[in-house]
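In: Just to be clear, the model below is a prediction. Sequence and coordinates:
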Amino acid sequence: MSNCVFCKIRDGEIPSEKVYEDDLMFIIKDIDPKAERHFLMIPKRHFKLLSEMTSSDTENLGKCLKKIPELSDLLGLENGYRLIINQGDDAGQTVFHLHVHILTGQKMDFPHL
Ligand code: AMP
Ligand code: ZN
């Protein structure tokens, strides 16, 4: 996807603070953090929305999610964390390459969902 910022980060065309990478996904620091620590878990395969996932995307996303708690020490998740996936305009999605926000490092003082 030539115009996708996360594909460009994946391919090393845009710099990022990458904290983890494997064959399915990478994790970077969000450039505009909304919590004390704010990471983005980005599946390597480009797709826009949950509604566009193929069965292999579904399987891969499950593996990626399972990996997050295994990275607890690296990401500093020991006191808890919140995952957010924005979907579409009303949710404020700005990058249309599916990604999971990982918010941690503080009490979540915004409304509990
Ligand atoms: P969303 O609004 O859910 O689509 O989230 C997109 C996120 O990507 C926002 O939190 C942005 O701050 C973040 N972001 C955009 N460009 C970059 C970048 N080059 N490096 C790191 N994070 C970025
Ligand atoms: Zn992309």
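Out: Sure, I can see it. Residues are numbered from 1 along each chain as shown. Ligands and ions are numbered 1, 2, ... in the order given.
In: The residue lying closest to Asp22 once chain neighbours are set aside: neighbour count?
Out: Nearest non-adjacent residue to Asp22, counting by C-beta to C-beta, 6 or more residues apart in numbering: Lys67, 7.3 Å away. In this view, the C-beta of every residue, glycine as well, is placed from N, C-alpha and C. Neighbour count for Lys67, taken as other C-beta atoms under 10 Å: 15.
In: what do you get for Ser72?
Out: Using other C-beta under 10 Å: Ser72 sits among 13 other residues.
In: now do Tyr20
Out: For Tyr20, using other C-beta under 10 Å, the count is 15.
In: ok, back up a step: doesn't Met25 make contact with the residue nearest to Asp22?
Out: Yes: counting by C-beta atoms under 8 Å, Lys67 touches Met25, with 7.4 Å between them.
In: in the chain, which ranges drop under the pLDDT threshold?
Out: Across the chain, the ranges flagged by pLDDT under 70 are 1, 111-113.
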